[in-house]
Structure formats: structure tokens, C-alpha cells
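Q: Following is a predicted model, sequence given first.
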Amino acid sequence: MKILLGILAVLPVTTASVERSFSTLKRLKTYLRNSIGEERLTSLALLSIHRDLQMKTEEIICQYTRTPRRLQFH
């Protein structure tokens, strides 16, 4: 909840955008997904709210290839 409030503090302060944010959270946090973690819920909400942003795929791919990957075997 603390993270959600932090996100909402950054978003523009209009009634429509806040209502849209809570509407998105309500859609994501349904009965079947009630066990979803807070971090995943926040990430899904951000993806849903900012879905119309244009992403530069070439830049994302370059950044991904530059980061070191660590395989975790449990």
C-alpha cells in the first residue's frame, strides 16, 4: 500500500486519473488474483495505466543485453 501511495503521489492530481488508477487496481485485484503480491500488483497496475506509451524496443534490447544475468538454481 505504501508503494501504491508513492505512485499516486507522482501521478497528475486530477480526479479522472486517480479514479482510473483505482479502477485499474480493482480490475487487477479480483477474487481469483487475491493472493497476488504487492510488488507484482504494482507492476501490473503501472503497465495497465501507462499502456499507451510508445516504447523504443531497440533501446530496451540494448539495455537488456548490457545487464549481467545471473542464473539462480534452487
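A: Cool, the structure landed.
Q: hey, let's count contacts and neighbours off CA atoms from now on
A: Noted.
Q: Where does residue 65 fall, secondary structure wise?
A: helix 57-66 (DSSP states H and E).
Q: residues of that helix that come out buried?
A: Within helix 57-66, no residue counts as buried by 16 or more other Cα atoms under 10 Å.
Q: Report the rounded mean pLDDT for it.
A: Averaged across helix 57-66, the pLDDT comes to 84.
Q: Distance from it to the middle of the chain?
A: 19 Å (Cα atoms, centre = their mean, to the nearest Å).
Q: okay, it in PDB with CA atoms only?
A: Output of helix 57-66 as PDB, limited to C-alpha atoms (Å, rounded to 0.1, in the frame of the first residue of the first chain):
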ATOM      1  CA  THR A  57      12.400  -1.500 -28.500                       C
ATOM      2  CA  GLU A  58      15.900  -1.200 -29.800                       C
ATOM      3  CA  GLU A  59      16.900   0.800 -26.700                       C
ATOM      4  CA  ILE A  60      15.300  -1.800 -24.400                       C
ATOM      5  CA  ILE A  61      17.000  -4.700 -26.100                       C
ATOM      6  CA  CYS A  62      20.400  -2.900 -25.900                       C
ATOM      7  CA  GLN A  63      19.900  -2.200 -22.200                       C
ATOM      8  CA  TYR A  64      18.800  -5.800 -21.600                       C
ATOM      9  CA  THR A  65      21.900  -7.200 -23.300                       C
ATOM     10  CA  ARG A  66      24.200  -5.000 -21.300                       C
END
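Q: C-terminal to the helix or strand of the chain with the lowest mean pLDDT, what's the next element?
A: Every helix and strand of the chain was ranked by mean pLDDT, DSSP states H and E. The lowest is helix 2-10, at a mean of 70. Helices and strands here follow DSSP H and E; after helix 2-10, the next one along the chain is helix 15-28.
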